[in-house]
Every structure is written in structure tokens, then in C-alpha cells.
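Novice: okay, predicted coordinates and the sequence, questions at the end:
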Amino acid sequence: MRSTVTVCAAIALVVTPILGACSSDGSGAKQSGPQAVTVHVTDKLRFDPATVHVHVGTVRLTLVDDGSYPHNLVASELHSRLATVSGNPGEQTTTMVLHFRKPGSYPFVCSYHVDAGMRGEFVVDG
């Protein structure tokens with residue numbers, strides 16, 4: 001009995017990291033449907049995270065305002081603009097779907113605060 005448990009534990013140690021490496025969410029299961037990404041903005045005039053790593057395909061992007069200033073997210077190369085969010089009740093979150101057709105780097109900005117350095121980028125791998 002003890003040797004069976006030891007063998008099973010050893011197999012789990014080997015197989016679990018391999019399965020996790022195949023998953024984009026680390027759960028060991030292949031993701032289906034769009035990738036989900038959440039980006040937060042605050043009164044510090046920064047995106048969090050500023051660098052968003054995704055895979056080629058469809059991405060469901062949610063922008064959440066954790067502060068009081070209005071913000072948006074504009075990705076000119078993708079011809080995409082998220083609606084403005086603010087700290088006002090009912091206006092803190094907005095969502096859109098982006099389609100990344102090829103690997104690369106795609107910059108985005110907050111059009112209200114670009115001069116203050118509010119910039120980020122999507123890094124898309126194959």
C-alpha cells in the first residue's frame with residue numbers, strides 16, 4: 001500500500017506541472033472561449049497591469065476604475081476604444097472584446113491622461 005501511494009504521489013509531481021504548462025490559466029485545463037483580462041486604473045494615472053500578456057485570439061477586456069478620475073483605454077492599432085469609466089456609482093467598469101490575429105506588441109493609452117504617461121501595451125504571443 002505504501003509503495004502504491006509513493007508511486008502515485010511521484011506521478012502527480014511529474015504530471016501536474018506539465019498539465020499546468022499547457023494551460024493559459026494555470027489550472028491544468030485548456031481554456032475555451034475568450035481569454036479574460038482585467039485592467040485597473042486609479043488616481044495615480046497608471047494602468048495596472050501596464051503590460052498585459054495574452055495569446056493570439058479573442059480577449060474579453062474589463063477596465064475597472066478604482067479612483068475618482070475618468071479613464072478609458074484606446075488601442076489605436078486595433079481600432080479599439082473602451083468606453084469611459086469613472087469612480088461614480090454604476091460607471092466603474094466597462095468591458096469589450098478584442099481580437100488579436102498575430103503575435104506582437106500593441107500599445108494602448110488613456111486618452112485623457114496620455115500626456116501624464118498613462119500608457120500600456122498588450123504583448124501577444126502565438
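Specialist: Now that the structure is in, tell me what you want to look at.
Novice: low-confidence stretches in the chain?
Specialist: Where the chain drops to pLDDT under 70, the residues are 1-32.
Novice: can you give me the strands in it?
Specialist: 35-41, 47-48, 51-55, 57-65, 71-75, 80-85, 93-100, 104-109, 119-125 (DSSP state E).
Novice: need the winner for burial among the ones you listed.
Specialist: strand 71-75 (a mean of 22; mean count of other CB atoms under 10 Å). Every C-beta, even on glycine, is put in place using the N, C-alpha and C of the backbone.
Novice: by contact count, what packs against it?
Specialist: Counting contacts by 3 or more CB pairs under 8 Å, 6 or more residues apart in numbering; DSSP states H and E, strand 71-75 packs against strand 57-65, strand 80-85, strand 104-109.
Novice: care to break this protein down by domain?
Specialist: 1-28, 33-125 (automatic domain parsing).
Novice: please name the bridge partners of Leu63.
Specialist: On the basis of DSSP bridges, Leu63 is bridged to Val39, Thr94.
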